[in-house]
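A.B. asks: Attaching a predicted model along with its sequence, questions to come.
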Amino acid sequence: MSISLIFNQKYKSIKSLNDIGLPDLSIITGKNGCGKSHLLEAIEKGSIKANDYSVGEIIRYDYLNFNIGKQNQIYKITLDEYQIKFIDQVKSLRDRPNFKLVRGEFDNPTVNVFKGYRLLDQDTDALSLFISKLNHRNIFDLDNREIQELLDYCFSVGNLLKNNLSSLFLDYAEKLKKDNRSLSAGGKGISESKFNKIWDNDSPWAMLNKMFNEYGLKHKIIAPYKDTDNYTYQAEIEVDGEKINFDDLSSGEKIFCQLILITYRGNLKLPKLLLLDEIDASLHPSMIQKIFNVINEVFIKNGTKVILVTHSPTTVALADESSLFCLANNELKSISQEEAIDILTEGFMSFDKALKIVNKSRSKDLVILTEGKTDVIHFEKALKYLNLFDDLSYEIVSCDSADNLKQFLVGIPKELTQNTIFIGVFDYDDKGNKCYGQFGKEKIINNFSFRQPKEGAGNKKVYAVQIEPHIENCKKQNYYPVEYMYSENILKDHDVLELRTLQELTVNLNDEDIKTYSSRHNSDNMDVSFYKVKNDIKKSFANGVQLDNESRERFRLLFQRVLDVYRSEKN
């Protein structure tokens, strides 16, 4: 691990933290309020030591900096404050002794008055607008609306990006040229080859163009002139030789500009550690992978370590699993993609959970989808004994609920089922029965039923089967969890069962069955339909149970049905 975090002192909600090593690119997630942002702030401030980096070698950038869509609102608040202060300051000038001496210049202003200042073209434009607004009046006669109009023009998002990039690039170019001078001329005497390498490969404009390139864009930022000292420079972006306005950039493209501004502020080189706080929050899911490419190619490969905090399941789903960490209760630990997505989606089937399933299913002949994680454990264990699918590449994946399973089967795009057959296995209970019955239409093969998409749903290779109870009374109760595929002796030996109340047992029964269950309840004459599985023991039971001949045969019948459906599609 190349980023060593060592707790130094408390910072806001970070009261303590375990010492931990992180990879070059680390992605930290966790529930809202767990302290992810405070963690990055603590690293930036030195409250948590990252390697031997000094505070000046660490840069932090948060969501507000990247949330371009909100910038106009942010600037509006700021400009309102500027306007009030500006008006107050102008009015206070009247009381100064030299007021009359300078008023003459403001009564008849021209751009020539400001020739002594280094102005960018956009500054001159703003100044011209300012002067035109005076209309032969002095500055004190401008009303609030006119001042606000001027400020809005000067502080548009596009102009801010252009102004800031222009200033950054120009300052960087001048510093680099100064370093290229001889020691006797006040420079650092860096060689011509090193100067050219930095200018062409490591400068902020070069890095921004690398970002555009890695993002798959034809955009190119125009660099300052390398061989000219005295000139007026303004940043321009071209696409196929045509200049475009900064206001026309997408949110992702503006993020790259902002990222360059923050990483090179006051620096001639990239920081040692870059802290990114939810920069993905405003991005479309299709942009996330490209952001990863940019981070790896522009920062990681150039020696900058990156810690990215996210609350986006999409980011987690697309990340390298070894880069994922979770923060909870002041403890940072490695986490799997599945666990991270579960934390962020809290059980709902999201685009990202579906994406995770698809990613795990690539190049598989068959994917068996289940309602829950313990189903996966039972199915995998049974298939090891049965050897039914030995000639198939298959994957068993949990969708975490009956609703999610149905949602995935209905919503999976046809294109993803061209080479892989998806078969969902629903539990036999109230929820499983309902979702199974709502999916597609019923078909019969080898005297058992399964379901497939209705006509008009496209030629998708997607099917559903349901666990079939071997106990008739369990059908009456609409309750036959996967655990009931084991023998009654195994269930009792593992203390899996607890007695259901009479109210639970009789809620859906007719009068005759109610009488039967009432007479047998709490007697020695009860089958497993009188019980239910203890929720808190399901996982440990799944991990520890061994199949006997009885349970092995029940699983064989279920998977033979799955195999028959698979073969019917292949044939």
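C.D. replies: Sure, I can see it.

A.B. asks: Would you map the helices across the stretch 351-500 of the chain?
C.D. replies: 351-361, 373-386, 402-411, 430-438, 472-477, 488-493 (DSSP state H, counting those that start in this stretch).

A.B. asks: Off-centre distance for the last one?
C.D. replies: Okay, so that is helix 488-493. Relative to its parent chain, helix 488-493 has a centroid offset of 45 Å by CA atoms, centre = their mean, to the nearest Å.

A.B. asks: pLDDT averaged over it - what is it?
C.D. replies: Per-region confidence: helix 488-493 scores 90 on mean pLDDT.

A.B. asks: how about it: buried residues?
C.D. replies: Within helix 488-493, the residues that count as buried by 16 or more other CB atoms under 10 Å are 490-491. Every C-beta, even on glycine, is put in place using the N, C-alpha and C of the backbone.

A.B. asks: Other residues contacting that helix?
C.D. replies: Applying CB atoms under 8 Å, 6 or more residues apart in numbering, the external contacts of helix 488-493 come out as 483-484, 497, 527-528, 545, 548, 551.

A.B. asks: Of those residues, keep whichever come out buried.
C.D. replies: The neighbour-count test (16+ other CB under 10 Å) applied to these identifies 483-484, 497, 528, 545, 551 as buried.

A.B. asks: Just send those residues back as JSON lines, with pLDDT too.
C.D. replies: Formatted as JSON lines, the buried ones among the contacts of helix 488-493 follow (pLDDT from 0 to 100):
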{"residue": "Glu483", "pLDDT": "94"}
{"residue": "Tyr484", "pLDDT": "94"}
{"residue": "Leu497", "pLDDT": "89"}
{"residue": "Val528", "pLDDT": "83"}
{"residue": "Val545", "pLDDT": "94"}
{"residue": "Ser551", "pLDDT": "93"}
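
A.B. asks: of those residues, closest to Ile467?
C.D. replies: Closest approach to Ile467 among these (CB to CB): Tyr484, at 8.6 Å.

A.B. asks: how about the contacts of helix 488-493 in JSON lines, adding distance to Ser401?
C.D. replies: JSON lines is the format used below for the contacts of helix 488-493 (distance: CB to CB, whole Å):
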{"residue": "Glu483", "distance to Ser401": "17"}
{"residue": "Tyr484", "distance to Ser401": "19"}
{"residue": "Leu497", "distance to Ser401": "23"}
{"residue": "Asp527", "distance to Ser401": "28"}
{"residue": "Val528", "distance to Ser401": "24"}
{"residue": "Val545", "distance to Ser401": "23"}
{"residue": "Asp548", "distance to Ser401": "29"}
{"residue": "Ser551", "distance to Ser401": "25"}
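
A.B. asks: can you give me the helices in the stretch 101-250 of the chain?
C.D. replies: Going by DSSP H, counting those that start in this stretch, the stretch 101-250 of the chain shows helices at 121-134, 144-154, 157-180, 192-197, 204-214.

A.B. asks: Would you mind checking which of the ones you listed scores lowest on average pLDDT?
C.D. replies: helix 121-134 - the lowest mean pLDDT of these, at a mean of 52.

A.B. asks: Could I have the CA atoms of stretch 372-388 written out in PDB?
C.D. replies: C-alpha atoms of stretch 372-388 as PDB (Å, rounded to 0.1, in the frame of the first residue of the first chain):
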ATOM      1  CA  GLY A 372     -31.200 -13.500  -1.300                       C
ATOM      2  CA  LYS A 373     -27.600 -14.100  -0.400                       C
ATOM      3  CA  THR A 374     -28.300 -17.300   1.700                       C
ATOM      4  CA  ASP A 375     -30.000 -18.700  -1.400                       C
ATOM      5  CA  VAL A 376     -26.700 -18.300  -3.200                       C
ATOM      6  CA  ILE A 377     -24.800 -20.200  -0.500                       C
ATOM      7  CA  HIS A 378     -27.300 -23.100  -0.500                       C
ATOM      8  CA  PHE A 379     -27.400 -23.300  -4.300                       C
ATOM      9  CA  GLU A 380     -23.600 -23.300  -4.700                       C
ATOM     10  CA  LYS A 381     -23.200 -25.900  -2.000                       C
ATOM     11  CA  ALA A 382     -25.800 -28.200  -3.700                       C
ATOM     12  CA  LEU A 383     -24.400 -27.900  -7.200                       C
ATOM     13  CA  LYS A 384     -21.000 -29.000  -5.900                       C
ATOM     14  CA  TYR A 385     -22.500 -32.300  -5.000                       C
ATOM     15  CA  LEU A 386     -24.800 -32.700  -8.000                       C
ATOM     16  CA  ASN A 387     -22.400 -32.100 -10.900                       C
ATOM     17  CA  LEU A 388     -25.300 -31.100 -13.100                       C
END
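
A.B. asks: on that earlier part again, need the winner for burial among the helices of the stretch 351-500 of the chain.
C.D. replies: For those, the largest average neighbour count (mean count of other CB atoms under 10 Å) is found in helix 402-411, namely a mean of 21.

A.B. asks: Which other helices and strands does that helix contact?
C.D. replies: Packing partners of helix 402-411 (3 or more CB pairs under 8 Å, 6 or more residues apart in numbering; DSSP states H and E): helix 351-361, strand 366-370, strand 421-426, helix 430-438.

A.B. asks: got the angle between it and strand 366-370?
C.D. replies: Interaxial angle of helix 402-411 relative to strand 366-370 (axes from the mean of the first three to the mean of the last three CA atoms, to 10 degrees): 150 degrees.
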